[in-house]
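Novice: I'd like to go over a predicted model; first the sequence, then the structure.
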Amino acid sequence: MLTIEIDGKDHLALAKDVQRDPIRPVIEHIDLVVVRKGEKVNVDVPIHLVGVAEVETVVSVEKNTVELAVEATEIPDRVEVSIEGLGAGTQIHASDLVLPAGAELLTDAAILIVNITQAISAEEL
């Protein structure tokens with residue numbers, strides 16, 4: 001969220017696109033979208049795993065972000081997914097996510113987010 005001044009009035013804005021120089025650490029251009037308090041915007045929010053699954057399992061993150069409709073002033077940094085103690089065969093879909101208050105899931109609810117499988121033992125290899 002940024003506050004920009006246009007014609008002497010402050011406006012809230014979101015960065016829509018950032019273009020960086022491929023060689024130097026310089027931002028060349030930023031596209032901004034002006035928003036109003038209470039207005040909902042569609043944003044991609046990263047998935048963050050919390051906890052440790054059972055021993056001898058492999059945790060695969062199948063989708064790194066989910067699209068949410070949230071108020072412009074309440075955009076979450078991430079959506080946390082607890083995998084604490086989960087065993088092989090567990091699948092977490094978008095519909096299983098615990099979303100922040102006021103957020104609406106725009107990603108297809110059937111999309112697989114996290115897949116936990118049995119690790120292959122040295123003997124099986």
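Specialist: Nice, I can see it.
Novice: host element of L49?
Specialist: L49 belongs to strand 40-50 when assigned by DSSP states H and E.
Novice: extract the C-alpha trace of the strand or helix carrying E28 and format it as CSV.
Specialist: Using DSSP H and E, E28 sits in strand 27-35. The C-alpha trace of strand 27-35 is given here as CSV (Å, rounded to 0.1, in the frame of the first residue of the first chain):
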residue,chain,number,x,y,z
ILE,A,27,13.5,0.0,-10.5
GLU,A,28,12.7,1.4,-14.0
HIS,A,29,8.9,1.7,-13.8
ILE,A,30,6.0,1.0,-11.5
ASP,A,31,2.3,0.7,-12.5
LEU,A,32,0.0,1.8,-9.8
VAL,A,33,-3.7,1.2,-9.2
VAL,A,34,-5.6,3.8,-7.1
VAL,A,35,-8.0,2.1,-4.6
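Novice: other SSEs contacting it?
Specialist: strand 2-6, strand 9-20 (3 or more Cβ pairs under 8 Å, 6 or more residues apart in numbering; DSSP states H and E). The C-beta positions use only the backbone N, C-alpha and C, and glycine is treated the same way.
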